[in-house]
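Engineer: The amino acid sequence is not available; the structure is as follows:
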(Lines give C-alpha, C1' and ligand atoms only; values in the text may rest on other atoms or scores of the structure.)
Protein backbone atom coordinates (compact mmCIF):
# COMPACT_ATOMS: atom_id res chain seq x y z
CA UNK A 1 0.00 0.00 0.00
CA UNK A 2 3.02 2.28 -0.01
CA UNK A 3 2.32 2.84 -3.70
CA UNK A 4 -1.12 4.22 -2.84
CA UNK A 5 0.45 6.75 -0.47
CA UNK A 6 3.06 7.50 -3.13
CA UNK A 7 0.23 8.36 -5.50
CA UNK A 8 -1.50 10.58 -2.91
CA UNK A 9 1.71 12.49 -2.25
CA UNK A 10 2.45 12.86 -5.96
CA UNK A 11 -0.97 14.40 -6.54
CA UNK A 12 -0.40 16.77 -3.61
CA UNK A 13 2.88 18.13 -5.00
CA UNK A 14 2.96 21.40 -6.93
CA UNK A 15 4.14 21.35 -10.54
CA UNK A 16 4.81 24.08 -13.10
CA UNK A 17 6.21 24.66 -16.60
CA UNK A 18 9.77 24.31 -15.30
CA UNK A 19 9.06 20.63 -14.59
CA UNK A 20 8.39 20.07 -18.30
CA UNK A 21 11.63 21.85 -19.25
CA UNK A 22 13.60 19.79 -16.71
CA UNK A 23 12.12 16.54 -18.02
CA UNK A 24 12.89 17.48 -21.62
CA UNK A 25 16.50 18.26 -20.68
CA UNK A 26 16.79 14.92 -18.87
CA UNK A 27 15.39 13.03 -21.87
CA UNK A 28 17.71 14.85 -24.26
CA UNK A 29 20.67 13.70 -22.17
CA UNK A 30 19.38 10.12 -21.97
CA UNK A 31 18.71 9.87 -25.72
CA UNK A 32 21.71 11.82 -26.97
CA UNK A 33 22.55 10.67 -30.50
CA UNK A 34 19.15 9.01 -31.03
CA UNK A 35 17.68 11.26 -33.71
CA UNK A 36 14.29 9.54 -33.72
CA UNK A 37 13.86 9.91 -29.97
CA UNK A 38 15.14 13.50 -29.97
CA UNK A 39 12.57 14.41 -32.63
CA UNK A 40 9.80 12.99 -30.41
CA UNK A 41 11.19 14.91 -27.42
CA UNK A 42 11.07 18.16 -29.41
CA UNK A 43 7.48 17.41 -30.39
CA UNK A 44 6.61 16.71 -26.75
CA UNK A 45 8.14 20.02 -25.69
CA UNK A 46 6.21 21.94 -28.35
CA UNK A 47 2.81 20.25 -28.15
CA UNK A 48 2.36 18.73 -24.69
CA UNK A 49 -0.67 19.89 -22.73
CA UNK A 50 -2.44 18.31 -19.74
CA UNK A 51 -5.37 17.67 -22.07
CA UNK A 52 -3.31 15.33 -24.29
CA UNK A 53 -1.51 13.39 -21.52
CA UNK A 54 -3.32 10.13 -22.32
CA UNK A 55 -2.63 10.61 -26.04
CA UNK A 56 1.09 10.69 -25.29
CA UNK A 57 0.79 7.65 -23.00
CA UNK A 58 -0.93 5.59 -25.72
CA UNK A 59 1.27 6.76 -28.59
CA UNK A 60 3.72 3.89 -27.92
CA UNK A 61 6.75 6.19 -27.82
CA UNK A 62 9.28 5.92 -25.00
CA UNK A 63 7.01 7.71 -22.48
CA UNK A 64 4.92 4.53 -22.22
CA UNK A 65 7.90 2.25 -21.55
CA UNK A 66 9.59 4.64 -19.11
CA UNK A 67 6.46 5.18 -17.02
CA UNK A 68 5.48 1.52 -16.82
CA UNK A 69 8.99 0.44 -15.85
CA UNK A 70 9.29 3.21 -13.25
CA UNK A 71 5.94 2.31 -11.65
CA UNK A 72 6.75 -1.42 -11.63
CA UNK A 73 10.16 -0.90 -10.02
CA UNK A 74 9.15 2.16 -7.97
CA UNK A 75 12.02 4.15 -9.44
CA UNK A 76 11.60 7.29 -7.34
CA UNK A 77 13.92 9.44 -9.46
CA UNK A 78 12.02 8.81 -12.70
CA UNK A 79 8.59 9.02 -11.05
CA UNK A 80 9.42 12.39 -9.51
CA UNK A 81 10.84 13.71 -12.80
CA UNK A 82 7.63 12.66 -14.55
CA UNK A 83 5.40 13.57 -11.61
CA UNK A 84 3.57 16.36 -13.43
CA UNK A 85 2.82 13.99 -16.31
CA UNK A 86 1.51 11.21 -14.04
CA UNK A 87 -0.72 13.76 -12.33
CA UNK A 88 -2.04 14.96 -15.69
CA UNK A 89 -2.82 11.38 -16.77
CA UNK A 90 -4.61 10.71 -13.47
CA UNK A 91 -6.67 13.89 -13.72
CA UNK A 92 -7.60 13.24 -17.33
CA UNK A 93 -8.82 9.77 -16.32
CA UNK A 94 -10.85 11.42 -13.56
CA UNK A 95 -12.45 13.70 -16.14
CA UNK A 96 -13.43 10.72 -18.30
CA UNK A 97 -14.57 8.62 -15.38
CA UNK A 98 -18.36 8.38 -15.57
CA UNK A 99 -19.76 4.87 -15.55
CA UNK A 100 -19.64 1.35 -14.17
CA UNK A 101 -18.29 -1.30 -16.50
CA UNK A 102 -17.45 -4.98 -16.79
CA UNK A 103 -14.36 -5.05 -18.97
CA UNK A 104 -13.15 -8.23 -20.67
CA UNK A 105 -9.59 -8.13 -21.91
CA UNK A 106 -7.92 -10.90 -23.88
CA UNK A 107 -6.42 -12.01 -27.20
CA UNK A 108 -8.04 -14.67 -29.44
CA UNK A 109 -4.92 -16.64 -30.42
CA UNK A 110 -3.18 -16.75 -27.07
CA UNK A 111 -3.37 -19.25 -24.22
CA UNK A 112 -3.46 -17.65 -20.80
CA UNK A 113 -5.79 -15.85 -18.42
CA UNK A 114 -9.00 -13.95 -19.10
CA UNK A 115 -9.65 -11.30 -16.46
CA UNK A 116 -13.21 -10.24 -15.70
CA UNK A 117 -13.14 -6.92 -13.88
CA UNK A 118 -16.16 -5.77 -11.92
CA UNK A 119 -16.16 -2.11 -10.94
CA UNK A 120 -18.92 -0.43 -8.96
CA UNK A 121 -18.40 3.35 -9.05
CA UNK A 122 -20.93 3.76 -6.23
CA UNK A 123 -18.55 1.94 -3.88
CA UNK A 124 -15.17 3.11 -5.15
CA UNK A 125 -13.86 6.53 -6.14
CA UNK A 126 -10.91 5.07 -8.07
CA UNK A 127 -11.02 6.76 -11.48
CA UNK A 128 -11.13 4.70 -14.69
CA UNK A 129 -12.44 5.54 -18.13
CA UNK A 130 -12.73 4.65 -21.77
CA UNK A 131 -9.98 6.60 -23.53
CA UNK A 132 -11.11 6.02 -27.11
CA UNK A 133 -11.76 9.70 -27.80
CA UNK A 134 -8.38 10.88 -26.45
CA UNK A 135 -6.16 7.91 -27.35
CA UNK A 136 -3.47 7.86 -30.04
CA UNK A 137 -5.19 4.69 -31.33
CA UNK A 138 -8.83 5.76 -31.42
CA UNK A 139 -9.97 2.55 -33.10
CA UNK A 140 -9.13 0.56 -29.96
CA UNK A 141 -11.64 0.02 -27.16
CA UNK A 142 -9.35 0.59 -24.20
CA UNK A 143 -10.05 1.26 -20.53
CA UNK A 144 -7.38 3.07 -18.50
CA UNK A 145 -7.19 2.96 -14.70
CA UNK A 146 -5.39 5.49 -12.56
CA UNK A 147 -1.98 4.34 -11.28
CA UNK A 148 -1.83 1.81 -8.43
CA UNK A 149 -5.46 0.72 -8.61
CA UNK A 150 -6.08 -2.15 -6.16
CA UNK A 151 -8.19 -5.22 -7.01
CA UNK A 152 -9.12 -8.28 -4.96
CA UNK A 153 -8.97 -11.70 -6.64
CA UNK A 154 -12.22 -13.63 -6.47
CA UNK A 155 -12.97 -16.96 -8.13
CA UNK A 156 -10.54 -18.64 -10.54
CA UNK A 157 -12.15 -21.01 -13.07
CA UNK A 158 -10.80 -23.18 -15.87
CA UNK A 159 -12.75 -22.21 -18.97
CA UNK A 160 -11.94 -25.13 -21.28
CA UNK A 161 -10.76 -28.54 -19.97
CA UNK A 162 -8.92 -29.11 -23.25
CA UNK A 163 -6.90 -25.89 -23.09
CA UNK A 164 -4.95 -24.19 -20.27
CA UNK A 165 -7.18 -21.12 -20.25
CA UNK A 166 -8.52 -19.67 -17.01
CA UNK A 167 -10.99 -16.98 -16.06
CA UNK A 168 -10.17 -14.84 -13.03
CA UNK A 169 -12.68 -12.56 -11.32
CA UNK A 170 -11.20 -9.25 -10.19
CA UNK A 171 -13.16 -6.81 -8.05
CA UNK A 172 -12.12 -3.22 -7.50
CA UNK A 173 -11.62 -2.53 -3.79
CA UNK A 174 -14.27 -0.36 -2.18
CA UNK A 175 -13.57 2.91 -0.39
CA UNK A 176 -14.84 1.34 2.86
CA UNK A 177 -12.52 -1.71 2.70
CA UNK A 178 -11.46 -1.82 6.36
CA UNK A 179 -8.21 -3.76 5.87
CA UNK A 180 -6.91 -1.39 3.21
CA UNK A 181 -8.24 1.61 5.11
CA UNK A 182 -6.34 0.73 8.30
CA UNK A 183 -3.11 0.01 6.45
CA UNK A 184 -3.15 3.16 4.33
CA UNK A 185 -4.02 5.31 7.35
CA UNK A 186 -1.03 3.95 9.26
CA UNK A 187 1.34 4.62 6.37
CA UNK A 188 -0.24 8.04 5.85
CA UNK A 189 0.49 8.94 9.49
CA UNK A 190 4.12 7.88 9.04
CA UNK A 191 4.52 10.27 6.10
CA UNK A 192 2.97 13.45 7.46
CA UNK A 193 4.46 16.76 6.38
CA UNK A 194 3.66 20.33 5.43
CA UNK A 195 4.11 19.83 1.69
CA UNK A 196 4.02 17.03 -0.84
CA UNK A 197 7.80 17.27 -1.18
CA UNK A 198 8.20 16.78 2.61
CA UNK A 199 6.01 13.70 2.54
CA UNK A 200 7.76 12.29 -0.53
CA UNK A 201 11.12 12.62 1.22
CA UNK A 202 9.84 10.71 4.25
CA UNK A 203 8.29 7.98 2.13
CA UNK A 204 11.49 7.44 0.14
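Structural biologist: In hand now; what should we look at? Small disclaimer: the values here were computed from a predicted structure and weren't measured.
Engineer: give me the number of residues near residue 139?
Structural biologist: Residues contacting residue 139 under the criterion other C-beta atoms under 10 Å number 7. All C-beta atoms are positioned from the backbone trio N, CA, C, and that covers glycine.
Engineer: let me redo that: residue 25
Structural biologist: When neighbours are defined as other C-beta under 10 Å, residue 25 has 13 of them.
Engineer: all strands of this protein, in order?
Structural biologist: Using DSSP state E, the strands of the chain run over 101-105, 113-119, 128-130, 143-145, 151-160, 165-172.
Engineer: Could you list the domains of this protein?
Structural biologist: Domains of the chain are assigned by the TED database as 1-103, 112-203.
Engineer: Dump those to CSV, plus mean pLDDT.
Structural biologist: CSV is the format used below for the domains of the chain (pLDDT from 0 to 100):
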stretch, mean pLDDT
domain 1-103, 83
domain 112-203, 77
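Engineer: ok, the residue nearest to the spatial centre of the chain - contacts?
Structural biologist: Centroid-nearest residue in the chain, with C-alpha atoms, centre = their mean: residue 147, separated by 2.9 Å. Neighbouring residues of residue 147 by C-beta atoms under 8 Å, 6 or more residues apart in numbering: 3, 7, 71, 86, 89, 90.
Engineer: Identify the residue nearest residue 145 in space, chain neighbours excluded?
Structural biologist: residue 128 (4.5 Å; C-beta to C-beta, 6 or more residues apart in numbering).
Engineer: does that neighbour really touch residue 149, like I thought?
Structural biologist: Yes: under the criterion of C-beta atoms under 8 Å, residue 128 makes contact with residue 149 at 7.2 Å.
Engineer: Show me which of those two is the more surrounded one.
Structural biologist: Between residue 128 and residue 149, residue 128 has the larger neighbour count (other C-beta under 10 Å), namely 24 against 18.
Engineer: any idea how far the residue of the chain most remote from its centre is from residue 19?
Structural biologist: Here the chain reaches farthest from its C-alpha mean at residue 162, the gap being 35.8 Å by C-alpha atoms, centre = their mean. Between residue 162 and residue 19 the computed distance is 53 Å (C-beta to C-beta, to the nearest Å).
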